[in-house]
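> Predicted model and sequence below, questions to follow.
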Amino acid sequence: MDTTFSWVAVVDDDASIRRALLRLLRSEDIKARAFANGAEFLAALDKSLPVCVVMDVQMPGMSGFDVLEMLGQRIPQVPALLISAQQSPEIEKKAIIRASLGFLAKPMDTQALLAIVWKAIDAHRKVEIQVPILSSYGESDLNTSSTRSIK
């Protein structure tokens, strides 16, 4: 499995929402992939991982909450933003608690959605930049008592 995070997942059973979100993300030069349901999205994780997922709460089969639970068991570091046309206090509260990036009601504020996605991308980039730098040094290279000199 490719463990580099290079795309945003959009999971929604409504084709028009998927298309609109893909257009929005791609207009910002954000790579995105769309999935019609949770099972399709989870199956794609065997090949590569998204930087984050924007997912509908109410879908046939697995709900967004079901998918989040399975995602958390497999790959807990993938942040999620839940979206829903159903605006009930119970759904909103549950979504805010379970989704690390929060909740947006449909119709969505596109600027808020983009801000949330960019925040996830930026957070990932910071981790992606730090990990290779640290992993390229051996423990003794980071030891301040080293007698190694730089010429």
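Cool, got the structure. Numbering: from 1, shown residues only.
> tally of neighbours for residue 58?
16 (other CB atoms under 10 Å). Glycine gets a C-beta too; all of them are placed from N, C-alpha and C.
> Now do the contacts for the residue most central in space within the chain.
Geometric centre of the chain, nearest residue: residue 52, 0.8 Å, by CA atoms, centre = their mean. By CB atoms under 8 Å, 6 or more residues apart in numbering, residue 52 lies in contact with 8, 9, 78, 79, 80, 81, 101, 117, 120, 121, 124.
> Let me know the closest of those to residue 71.
Of all those, the one sitting nearest residue 71 is residue 78; the distance, using CB to CB, is 6.0 Å.
> For the closest one, which three-state class applies?
coil (DSSP: H, G, I helix; E, B strand; the rest coil).
> mind listing what it touches?
5, 49, 50, 51, 52, 53, 71.
> CSV please, covering those residues and showing secondary structure, pLDDT and distance to residue 94.
Shown next, in CSV, are the contacts of residue 78 (DSSP: H, G, I helix; E, B strand; the rest coil; pLDDT from 0 to 100; distance: CB to CB, whole Å):
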residue, secondary structure, pLDDT, distance to residue 94
5, strand, 57, 26
49, strand, 91, 25
50, coil, 95, 22
51, coil, 94, 24
52, strand, 96, 19
53, strand, 97, 17
71, helix, 94, 15
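> so where does residue 87 fall, helix or strand?
Taking DSSP states H and E as the definition, one finds residue 87 inside no helix or strand.
> got a list of what it touches?
Counted by CB under 8 Å, 6+ apart, residue 87 has contacts residue 105.
> Residue 15 versus that one, what's the distance?
22 Å (CB to CB, to the nearest Å).
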